[in-house]
Structures are given as structure tokens and as C-alpha cells.
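In: have a look at this prediction, sequence included:
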Amino acid sequence: MADGPVGGTPAMTPLRTLADDLDAGRTTSRNLVAQALARIGDPAGEGARVMLKVDEDAARAAADESDRLRAAGIVA
């Protein structure tokens with residue numbers, strides 16, 4: 001898997017590329033959520049200004065469920 005360090009994926013990666021990476025098993029929903037949460041929490045970024053509330057636990061739980069379903073062959 002290409003799950004590098006948090007924040008390892010450039011912020012402007014096209015959605016199609018991220019979807020292809022998920023389909024090919026090069027990344028996971030959990031990794032993508034971790035990267036997004038890191039960008040949101042980056043003090044040098046805009047996350048604190050534009051995100052009123054971030055439910056990190058719910059985001060991680062949803063990612064884990066998505067990964068579980070994907071592993072079972074259930075892909076929406």
C-alpha cells in the first residue's frame with residue numbers, strides 16, 4: 001500500500017486518482033481521512049478558519065467502515 005506518512009499525499013490530488021488508489025489497494029479510506037484531518041489541523045493552513053466543527057472520531061469510524069465494506073467486496 002502507498003499509505004505514506006500523514007500528509008504525504010499532495011493536497012491537490014485529483015479525486016479520480018484517489019478513487020483509483022482506493023480501488024487498486026494503494027491506499028485506504030482511513031489513510032485518506034488521516035491526511036485530511038492533518039491538513040485541517042495544520043496551523044499554517046485554512047482548516048481552523050473554515051471548519052467550524054470537525055468530528056474526528058466519526059470521520060475515522062466512517063473510514064474504517066468503508067474500508068471494512070471494501071475488503072468484503074462491497075463498493076458503492
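Out: Alright, I've got the coordinates.
In: count of neighbours near the nearest residue in space to residue 40 that is not next to it in sequence?
Out: Closest residue to residue 40 apart from its sequence neighbours, by Cβ to Cβ, 6 or more residues apart in numbering: residue 47 at 3.5 Å. Backbone N, C-alpha and C define where each C-beta goes, glycine included. For residue 47, the count of nearby residues is 16 (other Cβ atoms under 10 Å).
In: swap in residue 27?
Out: 22.
In: quick check: phi and psi on it?
Out: Per-residue torsions, residue 27: phi -150, psi 180 (degrees, to the nearest 10).
In: need the single longest helix in this structure, by residues.
Out: Ranked by residue count and defined by DSSP state H, the top helix of the chain is helix 56-71.
In: how far does that helix sit from its chain's centre?
Out: Counting by Cα atoms, centre = their mean, to the nearest Å, helix 56-71 is centred 10 Å from the centre of its parent chain.
In: next one: the least confident helix or strand in the chain by mean pLDDT to chain centre, how far?
Out: One helix or strand of the chain scores below all others by mean pLDDT, DSSP states H and E: helix 47-50, with a mean of 86. The chain centre lies 18 Å from the centre of helix 47-50; the measure is Cα atoms, centre = their mean.
In: helices or strands up against it?
Out: Counting contacts by 3 or more Cβ pairs under 8 Å, 6 or more residues apart in numbering; DSSP states H and E, the secondary-structure elements packed against helix 47-50 are helix 29-41.
In: what's the angle from the helix it packs on to helix 56-71?
Out: For helix 29-41 against helix 56-71, the angle by axes from the mean of the first three to the mean of the last three Cα atoms, to 10 degrees is 150 degrees.
In: buried residues of the longest helix of the chain, list them for me.
Out: Buried residues in helix 56-71, defined by neighbour count with 16 or more other Cβ atoms under 10 Å: 59, 63, 66-67, 70.
In: contacts for the least confident helix or strand of the chain next, please.
Out: Here helix 47-50 makes contact (Cβ atoms under 8 Å, 6 or more residues apart in numbering) with 39-41, 54.
In: mind putting those residues into a markdown table with neighbour count?
Out: Below are the contacts of helix 47-50 laid out as a markdown table (neighbours: other Cβ atoms under 10 Å):
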| residue | neighbour count |
| --- | --- |
| 39 | 16 |
| 40 | 16 |
| 41 | 14 |
| 54 | 14 |
